[in-house]
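Participant: sequence and predicted structure are below.
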Amino acid sequence: MAEEIAVGRVLQVPAGVGPNLHRQRYAHTMRIEECGPMKSDYDRNARKRPVNLTLNEDLVNRAKSMADNLSGVVESLLSDYVAREQDARLAKSKAVESTVATWNEFADENGSYADEHSTL
């Protein structure tokens, strides 16, 4: 039985409920899967440039006390964010394509409801 985490507690997926259906019904849950480090598909040798960010001063001071290279930490976190966001967008795009294909298949097999009631 798969485990999912939601706001700090572990939920058991009910028997017979597929992971996709479960994700749709419970959008606030997140599947935890074993995976390696996030792949970085950006040019690690690209020129570095200074950027201006507006961040909480206390938070920055605490982070600096914990990390020798705050820029490196932020770059690593930003790389992970970009990779996750790209994966999420690709998954959403594939879901839309699948839905369109399913609808088109249904329309090919059964015809369109609108065709029966069209005034044209």
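Facilitator: Noted; the coordinates are in hand. Source: prediction; values computed, not measured.
Participant: show the pLDDT at Leu120.
Facilitator: Looking at Leu120, its pLDDT is 70.
Participant: how about the strands in the chain?
Facilitator: Remark: strands assigned in the chain by DSSP state E are 3-6, 9-12, 30-31.
Participant: point out where this structure drops to low pLDDT.
Facilitator: Scanning the chain for pLDDT under 70 picks out 1-40.
Participant: how about 80 then?
Facilitator: 1-41, 113-120 (pLDDT under 80).
Participant: domain map for it?
Facilitator: Per automatic domain parsing, the domain ranges recorded for the chain read 1-34, 41-117.
Participant: how far away is Asp115 from Ala107?
Facilitator: Using Cβ to Cβ, to the nearest Å, we find Asp115 at a distance of 9 Å from Ala107. (C-beta placed from N, C-alpha, C; glycine too.)
Participant: ok, these two, which is more surrounded?
Facilitator: Ala107 (13 against 9; other Cβ atoms under 10 Å).
Participant: any chance you could map the helices in this protein?
Facilitator: 19-25, 57-66, 70-110, 113-117 (DSSP state H).
Participant: out of those, the one nearest Lys48 is which?
Facilitator: For those, proximity to Lys48 was assessed by Cβ to Cβ; helix 70-110 is nearest, at 8.0 Å.
Participant: and the closest one, what does it pack against?
Facilitator: When contacts are defined as 3 or more Cβ pairs under 8 Å, 6 or more residues apart in numbering; DSSP states H and E, helix 70-110 packs onto helix 57-66.
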